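Peer 1: The following comprises the amino acid sequence and a computationally predicted model.
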Amino acid sequence: MITVITGASSGIGAAAAEALARAGHDVVLVGRSRAKLNAVADRIARASGRRPDTATADFASFEEVTRLAADLLDRYPRIDVLANNAGVMSTRKRLTRDGHELMAQVNHLSPFLLTNLLLDRVRRSGGRVITTSSRAARSGRLDPSDLDRSRRRWSAWLQYGDTKQANALFTTALARRGVAATCFHPGVIRTDFAPDSFFMKLLMVLPGTARTPEEGARTLVHLATTGDGAKHPGRFFVDSAPASAPKSMSDPALAAALWDVSLSLTGLSAGEKI
Ligand SMILES: NC(=O)c1ccc[n+]([C@@H]2O[C@H](COP(=O)([O-])OP(=O)(O)OC[C@H]3O[C@@H](n4cnc5c(N)ncnc54)[C@H](OP(=O)(O)O)[C@@H]3O)[C@@H](O)[C@H]2O)c1
């Protein structure tokens, strides 16, 4: 089983990679820092006896994500699991060199681009796509014509919620194309996530609230290793079980509009790779 995990240099992604390596998967760790990836790969090799491969790309750059996809296609004749887990919550509004709001690009547009470039390989492998969304998706107010919130009020949590709603809608759209795609909320997890956020700092000190990265990785590992990852296309999971979600996270018209605008913003022409 070739399992590609983005955002594998820390937190939930690194913990999931270790659990999957222990379960016998050939894991490919994707991150933007070679030094951090090597440290995680060394740790997993000691723990599991299997040293994962690594691949780098900064998701704030479409050029790097495109190069990553070509590299993965070159190296792996099959991809059984693609785990889109990399994500960021920025308390400041920042633009990428491609001109997009940082969270819109790192959390949605780049995973959209990577998945589409790898989709034929995943399909031919009978593989699955798993995306780390969040409970924050429930409060998303995504507008496909304003993914960067340049016309509407921008706040860090509003924008983060939109991008996590986009993860769920992308999962819906993939499922409608016959892909075994699911997404999940990992819980409130003690990782390097949102270190500048007062709200996250508060959650971290509230007794009994924050869980470990290993606990956060459990649903990802469940979806990668059990029939649930294939039997419930389009579903949002919490604690390794399908969960109810508002219509805004699975609305087919909204999912289709997001797909079309994402094709255009990432430079993938309409109709390609679908
Ligand atoms: N922690 C929580 O409570 C929580 C709750 C709900 C959902 N989530 C989601 O869980 C996922 C994993 O987050 P985490 O909690 O494990 O946090 P984390 O420890 O900060 O891990 C985030 C991962 O994403 C990578 N990443 C960030 N920006 C990137 C970029 N520009 N290019 C490439 N990779 C980038 C990070 O790489 P570096 O190591 O180089 O920074 C890291 O590997 C995210 O999608 C997040 O939205 C987390």
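Peer 2: It's in.
Peer 1: Residue 27: how many residues sit nearby?
Peer 2: The number of residues packed near residue 27 is 31, by other Cβ atoms under 10 Å. Yep, even glycine has a C-beta here, placed from its N, CA and C like the rest.
Peer 1: cool, residue 145 as well?
Peer 2: Other residues close to residue 145 by other Cβ under 10 Å number 7.
Peer 1: Quick one: list the elements packing against the longest helix along the chain.
Peer 2: Longest helix of the chain, by residue count under DSSP state H: helix 156-176. Where contact means 3 or more Cβ pairs under 8 Å, 6 or more residues apart in numbering; DSSP states H and E, helix 156-176 is packed against helix 102-103, helix 110-124, strand 128-132, strand 180-185, helix 252-266.
Peer 1: Say whether the ligand is contacted by stretch 71-90.
Peer 2: Yes: contact of stretch 71-90 with the ligand (Cβ under 6 Å from any ligand atom) involves 85-88.
Peer 1: Stretch 132-143 too?
Peer 2: Yes: contact of stretch 132-143 with the ligand (Cβ under 6 Å from any ligand atom) involves 132, 134.
Peer 1: Let's see the distance spanning that stretch from one end to the other.
Peer 2: One end of stretch 132-143 to the other measures 20 Å (Cα to Cα, to the nearest Å).
Peer 1: Check the residues of stretch 71-90 next to the ligand against residue 21 and report the nearest one.
Peer 2: Comparing the residues of stretch 71-90 next to the ligand against residue 21 with Cβ to Cβ places residue 85 closest, at 15.0 Å.
Peer 1: Next, find the distance separating the closest one from residue 114.
Peer 2: Separation of residue 85 from residue 114 (Cβ to Cβ, to the nearest Å) stands at 12 Å.
Peer 1: Which positions in the stretch 151-274 of the chain make contact with the ligand?
Peer 2: 185-186, 188-189, 191-193.
Peer 1: Looking at those, spot the one nearest residue 76.
Peer 2: The closest of those, once distances to residue 76 are taken by Cβ to Cβ, is residue 186, at 25.5 Å.
Peer 1: So for the closest one, what's the pLDDT?
Peer 2: pLDDT for residue 186: 98.
Peer 1: Next one: it from residue 111, what distance?
Peer 2: Taking Cβ to Cβ, one finds residue 186 at 16 Å from residue 111.
Peer 1: swap in residue 21?
Peer 2: In terms of Cβ to Cβ, residue 21 sits 22 Å off from residue 111.
Peer 1: Equivalent analysis for residue 93, please.
Peer 2: Counting by Cβ to Cβ, the gap from residue 93 to residue 111 is 20 Å.
Peer 1: So for these two, which residue has more residues nearby?
Peer 2: Each of residue 93 and residue 111 has its neighbours counted (other Cβ under 10 Å); residue 111 has more, 29 against 15.
Peer 1: got the contact list for the more buried one?
Peer 2: 6, 59, 84, 86, 131, 167, 170 (Cβ atoms under 8 Å, 6 or more residues apart in numbering).
Peer 1: Low-confidence ranges, the stretch 1-150 of the chain, go.
Peer 2: The model of the stretch 1-150 of the chain has no residue with pLDDT under 70.
Peer 1: Point out the residues in it that sit beside the ligand.
Peer 2: Going by Cβ under 6 Å from any ligand atom, the residues of the stretch 1-150 of the chain near the ligand are 7, 9-13, 31-33, 36, 58-60, 85-88, 106, 132, 134.
Peer 1: for residue 28, helix, strand, or coil?
Peer 2: strand (DSSP: H, G, I helix; E, B strand; the rest coil).
Peer 1: could we number from 433 for the rest of this?
Peer 2: With the count now opening at 433, the last piece we talked about shows up as residue 460.
Peer 1: Distance check, it against residue 686.
Peer 2: Residue 460 is 32 Å from residue 686, by Cβ to Cβ.
Peer 1: Among those two, which residue is more densely surrounded?
Peer 2: The neighbour count for residue 460 versus residue 686, taken as other Cβ under 10 Å, is higher for residue 460 (24 against 20).
Peer 1: give me the beta-bridge partners of that one?
Peer 2: Residue 460 has the following beta-bridge partners by DSSP bridges: residue 436, residue 485.
Peer 1: I'd assumed residue 436 was in contact with it.
Peer 2: Yes: counting by Cβ atoms under 8 Å, residue 436 is a contact partner of residue 460 at 4.5 Å.
Peer 1: All good on my end, thank you.
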